[in-house]
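[1] Everything below, folded, please.
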Amino acid sequence: MDVVIFCSLLANFVGLSCRGRNSSPTVAKSMWRDARWPVGAVAATSRSVLMLLTSSIDALTPRVIIFRHGETEWAKSGRFTGSTEIELTQVGVAQVSSAAARLVGAGRLLDPFRLVHVFVSPRVRAVKTFELLLPASGVVAEVTYTEDITKWGYGDYEGLKDEEIRLLSKKRGLGVEREGDIWSGGCEGGEYVVT
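    So this is what the prediction gives:
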């Protein structure tokens, strides 16, 4: 998933909706190692705009905040979007701007002065989300643009909808009529989940 990950010291907040797969182990491990935080898993979501993971109720405990990019045309239409560069829609820009107005600022969920490190997917949709959340003048933390937190490679399924993937699988004689479940079946010419 193309996201922006903020590592911060913040007051305790309740985590929001959590659905999806685990984020890159490389990024998770480096965040925990570099900040000398306790080992833990960073979960990502492909359905929510924001998810917060907390490690204790102590207000000075490090926090990891994950923002998913705003709406894109492909996300809106149900197309699988991996490495293709898709801009935010006007609605996507409004979503992120609205979230920034409510959540970013001194004493808020995302306090720019308490940020320790920011990881940003290099996809244009994630970069724009980051720029809308925190204008360059407001970032004092180290910012790393990394492929480790990009969406995975959908291969032949890039840009297709669930029904198109099922038809393609059947046409190729794979013996599986997938119901868009790329998580268990993987992506032809793309990445597979290793269990």
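
[2] C-alpha only now, for contacts and for neighbours.
    Fine.

[3] Sketch out the strands for the protein, chain order is fine.
    3-9, 50-54, 62-68, 115-120, 142-145 (DSSP state E).

[4] In contact with residue 154, which residues?
    Applying CA atoms under 8 Å, 6 or more residues apart in numbering, we find residue 154 in contact with 80, 81, 82, 187, 188, 189, 190, 191.

[5] Look up the closest residue to it, ignoring the ones flanking it.
    Nearest residue to residue 154 in three dimensions, chain neighbours excluded: residue 190, at 4.9 Å (CA to CA, 6 or more residues apart in numbering).

[6] what sits against that neighbour?
    So residue 190 contacts 152, 153, 154, 155, 156 (CA under 8 Å, 6+ apart).

[7] who wins for most neighbours among these?
    residue 154 (22 neighbours; other CA atoms under 10 Å).

[8] any idea how this protein splits into domains?
    Listed domain ranges for the chain are 3-149, 161-185 (source: automatic domain parsing).

[9] ranking those by mean pLDDT, which is last?
    Per-stretch mean pLDDT for the domains of the chain is lowest at domain 3-149 (a mean of 69).

[10] wait, residue 80 sits on residue 156?
    No: Residue 80 lies out of contact with residue 156 (CA atoms under 8 Å); the separation is 10.3 Å.

[11] Regarding the chain, what is its longest helix?
    helix 90-103 (DSSP state H).

[12] Only C-alpha atoms, please: export it in CSV.
    Output in CSV follows, covering the C-alpha atoms of helix 90-103 (Å, rounded to 0.1, in the frame of the first residue of the first chain):
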residue,chain,number,x,y,z
GLN,A,90,-10.3,16.4,-6.4
VAL,A,91,-12.2,14.3,-3.8
GLY,A,92,-8.9,12.8,-2.7
VAL,A,93,-7.3,16.2,-2.2
ALA,A,94,-10.3,17.3,-0.2
GLN,A,95,-10.1,14.2,1.9
VAL,A,96,-6.5,14.7,2.8
SER,A,97,-7.0,18.5,3.3
SER,A,98,-9.9,17.8,5.6
ALA,A,99,-7.9,15.3,7.6
ALA,A,100,-5.0,17.7,7.9
ALA,A,101,-7.3,20.5,9.2
ARG,A,102,-8.7,18.2,11.9
LEU,A,103,-5.6,16.1,12.8
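
[13] In terms of secondary structure, what does it contact?
    Where contact means 3 or more CA pairs under 8 Å, 6 or more residues apart in numbering; DSSP states H and E, helix 90-103 is packed against helix 124-133.

[14] picking up where we left off before, tell me which of the contacts of residue 154 fall in helices.
    Using DSSP H, none of those sit in helices.

[15] What pLDDT does the model give the residue nearest to residue 154?
    On the pLDDT scale, residue 190 gets 83.

[16] got the phi/psi numbers for it?
    phi -130, psi -150 (degrees, to the nearest 10).

[17] related to what we said a few turns ago, got a list of contacts for the longest helix of the chain?
    With CA under 8 Å, 6+ apart, helix 90-103 has contacts from 69, 70, 71, 72, 109, 110, 129, 132, 133, 134.
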